[in-house]
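Novice: Give me a 3D structure for the following:
(one chain, ligands or ions: 1)
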Amino acid sequence: MHISVIGCGYLGAVHATCMAELGHDVVGIDVDAEKVDLLNNGKAPFHEPGFDEILERQVTGGRLRFSTDYADVRGAQVHFITVGTPQSEEGYAADMTYVDAAVTDLIPHLVAHPDGPTVVTGKSTVPVGTAARLAAQLAGSPAHLVWNPEFLREGFAVQDTLTPDRIIYGLPADPDAAEAAGAVLDAVYAPMLAAGIPRLTADYATAELVKVAANSFLATKISFINAMAELCDATGADVTLLAEAIGHDDRIGPKFLRAGVGFGGGCLPKDIRAFMARAGELGVDQALTFLREVDTINTRRRTAAVELAQRILGGSLGGKRVAVLGAAFKPDSDDMRNSPALDIANAIAGQGARVIITDPAAGPKLAKERPDMEVAADAFAAAKDADLVLLLTEWRQFRDLDPTELREVVASPLIIDGRNVLDPVAWRAAGWTYHGVGRP
Ligand code: NAD
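Specialist: Numbering: from 1, shown residues only. Next up, the predicted model:
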């Protein structure tokens, strides 16, 4: 099938490439000419495990190309909308200007397709009600609209795109349009559906809500265990044992129960805020007041890490040398949007410390974007002569550090394990003063 993907960021570039991997002929459109050039040369504009190989293979193989020109979508039967929906500058609501611009620019190029209906498929995370609004805008065009939210995790983007836990279609109210548009998407995803991936169909609003409900639940789970960590800190209990014990209950489950410096990135924080803003517009803000607390607990973890650093360095960070391990919001990604690690590093530097930061993937990007920051090549270079080391992104390279070897290079063996991924017994045995989150 001929497919276009509008917006080639973390989601769109991976989606376009995976659609080519499924055997489709794909054009990716982005307004960023530099990104388009990189992608056309088979080079990923971001770090994502396993992505580079299939991108290069599909571009070289000729099934995948990228363009800044919307006219190049001509001939495609399915158009995926994957542009960003960041938090707006004025408040919590999502900034919909990119989605609106993409749809407006796409409409003149929508043509009837000989093989069945043309389908515009929204994948971006949007406020509930967006699909209905866009469907009205598309009413005079030859296309149907489907809302097909995306659940991929950065770091596992290829795997999650090709083998998601589920696929959901938000379909038009008209049964004929719904059936025809759903059949087109079934053809797009045919190999995945044949492999048994569950596919659910719903109305637009439910499909839109599934995405933000899932992210709200995940954010709540993280803030829940972080709240428990505060109780553990106050009582000398151990949140890692607590999480393990409650996680054995399969109604709770062990995942997303690691206490630490909290969630970040380009999705969870802005998604729960946009959800609260939308609930307010709908007159049901009380339904989501708990998310305000989820957000507050999450932000408090960042402040708490800075306060802990201050406390264990004798009350002041001024003039201290602090090594920060991690800049990306999670391991196996170079995405630093709303990153707890970067936020904490900034706050510590703001209090007069000399911060040396390192990140296996985000390091080069950080050095380019933030010339004011000292970026080191690895943990040993960052920790050289440090008064304090903070582990803030749980990269394998940091989890596997040898405490005895690292001790040799620091000025004083103090470590804050902001992700609870190190073995306190081993680190203490190597002479370190170890501080975890909610761990005695
Ligand atoms: P991103 O910022 O990495 O990518 C957005 C891309 O859209 C950029 O390359 C930008 O240049 C391009 N763009 C902006 N306006 C455009 C226009 N008018 N026409 C064409 N291209 C345009 O964002 P992302 O992380 O890929 O997220 C995209 C959407 O997917 C968001 O709604 C996000 O919430 C959702 N999502 C993201 C993830 C993820 O892990 N990143 C997962 C699920 C859902």
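
Novice: how about the residues of the stretch 151-300 of the chain near the ligand?
Specialist: 152, 154, 266, 267 (Cβ under 6 Å from any ligand atom). In this view, the C-beta of every residue, glycine as well, is placed from N, C-alpha and C.

Novice: Which strands or helices does the helix or strand harbouring residue 300 pack on?
Specialist: If you go by DSSP states H and E, residue 300 is part of helix 289-312. Using 3 or more Cβ pairs under 8 Å, 6 or more residues apart in numbering; DSSP states H and E as the contact test, the elements touching helix 289-312 are helix 204-235, helix 268-281, helix 340-350, strand 388-391, strand 414-417, strand 433-435.

Novice: Can you select the buried ones among the residues of the stretch 151-300 of the chain next to the ligand for me in PyMOL?
Specialist: In PyMOL, selecting the buried portion of these, with burial taken from 16 or more other Cβ atoms under 10 Å, looks like this:
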select buried, resi 152+154+266+267
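
Novice: Please name the nearest non-neighbouring residue to residue 171.
Specialist: residue 178 (3.8 Å; Cβ to Cβ, 6 or more residues apart in numbering).

Novice: cool, residue 392 as well?
Specialist: residue 341 (3.6 Å).

Novice: what's the burial count for the one you found?
Specialist: 29 (other Cβ atoms under 10 Å).

Novice: Just the pLDDT at it, thanks.
Specialist: Residue 341 is assigned 98 on the pLDDT scale.

Novice: before we move on, what about residue 115?
Specialist: At residue 115, pLDDT is 87.

Novice: how near is it to residue 29?
Specialist: Counting by Cβ to Cβ, to the nearest Å, the gap between residue 115 and residue 29 amounts to 21 Å.

Novice: now residue 217
Specialist: 33 Å.

Novice: Mind checking which of these two has more residues around it?
Specialist: With neighbours defined as other Cβ under 10 Å, residue 217 and residue 29 compare such that residue 29 has more, 28 against 11.

Novice: Report how many residues lie close to residue 62.
Specialist: For residue 62, the count of nearby residues is 9 (other Cβ under 10 Å).

Novice: Same check on the one 3 residues further on?
Specialist: Other residues near residue 65 come to 17 when the count uses other Cβ under 10 Å.

Novice: just the one 3 residues further on next, same as before
Specialist: The number of residues packed around residue 68, counting by other Cβ under 10 Å, is 14.

Novice: Show the backbone phi and psi for residue 119.
Specialist: Residue 119 adopts backbone torsions of phi -130, psi 120, taken as degrees, to the nearest 10.

Novice: ok, it - contacts?
Specialist: Counting by Cβ atoms under 8 Å, 6 or more residues apart in numbering, residue 119 touches 77, 78, 79, 143, 144, 145, 146, 181, 184, 185.

Novice: which residues does it bridge with?
Specialist: Note on residue 119: beta-bridge partners by DSSP bridges are residue 78, residue 144.

Novice: going forward, begin numbering at 138 instead of 1
Specialist: In the new numbering, first residue 138, that becomes residue 256.

Novice: Can you give me the distance of it to residue 151?
Specialist: Residue 256 sits at a distance of 20 Å from residue 151 (criterion: Cβ to Cβ).

Novice: now residue 442
Specialist: Counting by Cβ to Cβ, the separation of residue 442 from residue 151 is 31 Å.

Novice: Kindly report the same for residue 367.
Specialist: Distance from residue 367 to residue 151, counting by Cβ to Cβ: 36 Å.

Novice: Quick check: what element follows the one helix or strand residue 176 maps to along the chain?
Specialist: Using DSSP H and E, the element containing residue 176 is helix 170-177. The first helix or strand that comes after helix 170-177 along the chain, using DSSP H and E, is helix 188-198.

Novice: Show residues contacting that next one.
Specialist: Here helix 188-198 makes contact (Cβ under 8 Å, 6+ apart) with 150-151, 154-155, 157-158, 163, 176-181, 201-202, 294-295.

Novice: near the ligand at all, it?
Specialist: No: residues of helix 188-198 are not located near the ligand by Cβ under 6 Å from any ligand atom, the shortest gap being 12.3 Å.

Novice: in that helix, what counts as buried?
Specialist: Buried-residue list, helix 188-198, by 16+ other Cβ under 10 Å: 188, 191, 192, 193, 195, 196.

Novice: now stretch 529-544: mean pLDDT?
Specialist: Stretch 529-544 comes out with an average pLDDT of 98.

Novice: confidence score at the nearest residue to residue 244 once chain neighbours are set aside?
Specialist: Among residues not flanking residue 244 along the chain, residue 278 sits closest, at 5.5 Å (Cβ to Cβ, 6+ apart). pLDDT, the model's per-residue confidence, is 95 for residue 278.

Novice: most distant residue from the middle of this structure?
Specialist: In terms of distance from the mean C-alpha position of the chain, residue 251 ranks first, at 37.3 Å (Cα atoms, centre = their mean).

Novice: what about the residue in the chain that the ligand sits nearest to, neighbour count?
Specialist: The ligand sits closest to residue 146 of the chain, with a gap of 1.7 Å, by Cβ to the nearest ligand atom. Residues lying near residue 146 (other Cβ under 10 Å) number 20.

Novice: Ok, residue 396 next?
Specialist: 28.

Novice: Touching, it and residue 374? I think so.
Specialist: No: between residue 396 and residue 374 no contact is recorded; they are 11.4 Å apart, counting by Cβ atoms under 8 Å.

Novice: where do the contact lists of the two overlap?
Specialist: Jointly contacting residue 396 and residue 374 under the rule Cβ under 8 Å, 6+ apart are residue 575.

Novice: Report the spatially nearest residue to residue 450, omitting neighbours in sequence.
Specialist: According to Cβ to Cβ, 6+ apart, the nearest residue to residue 450 is residue 457 (5.3 Å).

Novice: my guess is residue 494 contacts residue 480, does it?
Specialist: No: applying Cβ under 8 Å as the test, residue 494 and residue 480 come out as separate, 11.9 Å apart.

Novice: Neighbour count for those two, which is higher?
Specialist: Between residue 494 and residue 480, residue 494 has the larger neighbour count (other Cβ under 10 Å), namely 28 against 21.
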